[in-house]
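Asks: Test case, fold it:
(one chain, ligands or ions: 2)
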Amino acid sequence: MIVCDGSNGAGKSTLIKSIEGYLKSKKQKVLVTREPGGTPIGEGIRHILLNPDTPEMCDTTELMLFAAARAQHIQEKILPNIQDGRIVICDRFDSATVSFQHYARGLPLSLINQLNEIALDGFRPDITIILDLDPLIGLERVKLRGEGLDRLEKQDMEFLNRARDGYLKQAENDPEHFAIIDASQPIKKVESDVFDILDKLLMS
Ligand SMILES: Nc1ncnc2c1ncn2[C@@H]1O[C@H](COP(=O)(O)OP(=O)(O)OP(=O)(O)O)[C@@H](O)[C@H]1O
Ligand SMILES: [Mg+2]
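Replies: Ligands and ions are numbered 1, 2, ... in the order given. Below is the predicted model:
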């Protein structure tokens, strides 16, 4: 499984469409999915998590809802599709929980790891591609896209910067499973950097 993660507006959805096309051109069977969400239950949880009208959500409630959506996603969708021979491409995954709930919110890493372990049931992605971008630029991109901001996009800049640093730390700590891509580059350059990574992955 390939995960695309990083700051809001970094270009995850844009990149995932390119990856999907690239892998299909290589005759691979592909499934695109996202977190929180990916299943009817998960999409219901997503609606609760991202609702901008509920700023009162507790940090631990948030953490457990993400984990619950992930557990359902793994069992109902990710594992069966991998079993069927598809490469799964996922928009955000466990790396997002480590960044946002640990590095940005300050919940203990041991607690997050424990919940991720329960949700993942022994599974882990082959590669997590981190699109690294100043969150300020990311928010500008989201605003230009013309949609409102969700509950997590409405957090202050310090919070979003801690999450960004969290992604970089995760990648530095585990270079075998993470790749950092400079998302301030033109889309074509971001794509070609990522396609190089995919070529290596397909060969292994
Ligand atoms: N490398 C890039 N340079 C400039 N603009 C970009 C780049 N990549 C994506 N964009 C544009 O930025 C906006 C946000 O991109 P996209 O929706 O792919 O980001 P995202 O990470 O999926 O956002 P979100 O976190 O809200 O899901 C889009 O309008 C997209 O066209
Ligand atoms: Mg997106």
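
Asks: neighbours of T33, just the number please.
Replies: 20 (other C-beta atoms under 10 Å). C-betas here are computed from N, CA, C, even on glycine.

Asks: Next: D132.
Replies: D132: 17 neighbours (other C-beta under 10 Å).

Asks: what pairs with it across the strands?
Replies: D182 (DSSP bridges).

Asks: Would you indicate which residues of stretch 33-52 are buried?
Replies: Under the neighbour-count criterion of 16 or more other C-beta atoms under 10 Å, stretch 33-52 has T33, R34, E35, P36, G37, G38, T39, G42, I45, R46, L49, L50 buried.

Asks: The first one contacts R92, correct?
Replies: No. Applying C-beta atoms under 8 Å as the test, T33 and R92 come out as separate, 10.0 Å apart.

Asks: Can you read off the backbone torsions of the residue in the chain that ligand 2 sits nearest to?
Replies: Closest contact between the chain and ligand 2, by C-beta to the ion, is at S13 (3.3 Å). For S13, the backbone dihedrals (degrees, to the nearest 10) come out as phi -60, psi -40.

Asks: Count the residues that sit near it.
Replies: 13.

Asks: Which per-residue confidence value corresponds to it?
Replies: Predicted confidence (pLDDT) for S13: 97.

Asks: same check, this time on L202
Replies: 92.

Asks: lowest confidence element among the helices and strands of this protein?
Replies: Least confident helix or strand of the chain, by mean pLDDT, DSSP states H and E, is helix 135-144 with a mean of 93.

Asks: Would you tell me what the next helix or strand after that helix is?
Replies: Under the assignment DSSP states H and E, the closest C-terminal helix or strand after helix 135-144 is helix 157-173.

Asks: separation between the residue lying farthest from the centre of the chain and T14?
Replies: Within the chain, K27 marks the point farthest from the mean C-alpha position, 24.7 Å out by C-alpha atoms, centre = their mean. Taking C-beta to C-beta, to the nearest Å as the measure, K27 and T14 are separated by 23 Å.

Asks: give me the number of residues near L120?
Replies: Using other C-beta under 10 Å: L120 sits among 18 other residues.

Asks: ok, it - contacts?
Replies: Counting by C-beta atoms under 8 Å, 6 or more residues apart in numbering, L120 touches R70, I74, D94.

Asks: Briefly note if stretch 33-50 comes near ligand 1.
Replies: No. Shown here: stretch 33-50 not in contact with ligand 1 (C-beta under 6 Å from any ligand atom), separated by at least 8.5 Å.

Asks: Let me know the average pLDDT across that stretch.
Replies: 97.
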